[in-house]
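Student: please work out how this folds:
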Amino acid sequence: MRNFRLDDEGGHQEALFSWADYQLGRMPELEYMHHVPNGGKRDKATATVLKRQGVKAGVPDVVLPAARAGYHGLYIELKAGKNTTTGNQKRWLEYLRRQGYYTAVCYGWQAAAELIERYLLHPEELAREQKTITMR
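Tutor: Sure, this is the predicted structure:
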């Protein structure tokens, strides 16, 4: 894996997807894992256009559309450093959880990778009465 700047969420995102590329042989479902580019800083004109195109604040960063242990898929809000979830992010995570998705807030790419491995390879370890979990 190459070196990534791990001082922001973008670097952790790149590291996670690089890790996923290396893990495709063990977990082929990772081919379908994707990032939802709803966050980030944009100029006002671009933000207006993206909003008209359906971008919504708070949608989790990472989606893994693979069903396991009765869940429809996995949504991860990836955080770095001391960042915390916004009200919109909490609202989305709760909504998705109620819809039957496994949801998590992961601090750093390693925590996200650990959760993804557990989700795909050891689904029996997933909590039945799931609340949005936080992993550090």
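Student: mind checking pLDDT for the residue of the chain most remote from its centre?
Tutor: For the chain, the C-alpha farthest from the mean C-alpha position belongs to residue 45; by CA atoms, centre = their mean, that distance is 26.8 Å. pLDDT recorded at residue 45 is 85.
Student: residue 50 sits in which helix or strand?
Tutor: Using DSSP states H and E, residue 50 sits within helix 44-52.
Student: quick one: residues in contact with the next helix or strand after that helix.
Tutor: On the C-terminal side of helix 44-52, the closest following helix or strand by DSSP H and E is strand 62-64. For strand 62-64, the external contacting residues (CB atoms under 8 Å, 6 or more residues apart in numbering) are 13, 16, 29-30, 32-36, 73-78, 112, 116, 119-120. (Glycine included, C-beta is placed from N, CA and C.)
Student: rounded mean pLDDT for the next helix or strand after strand 62-64, please.
Tutor: Using DSSP H and E, the helix or strand that follows strand 62-64 in sequence is strand 74-79. On average, the pLDDT along strand 74-79 is 96.
Student: packing partners of strand 74-79?
Tutor: helix 9-22, strand 62-64, helix 87-98, strand 102-107, helix 109-121 (3 or more CB pairs under 8 Å, 6 or more residues apart in numbering; DSSP states H and E).
Student: what angle separates the first one from helix 109-121?
Tutor: Angle, helix 9-22 to helix 109-121, by axes from the mean of the first three to the mean of the last three CA atoms, to 10 degrees: 40 degrees.
Student: contacts only, for residue 115.
Tutor: 74, 76, 104, 106, 133, 135.
Student: can you flag the buried ones in the residues you listed?
Tutor: For the contacts of residue 115, a neighbour count by 16 or more other CB atoms under 10 Å gives the buried set as 74, 76, 104, 106, 135.
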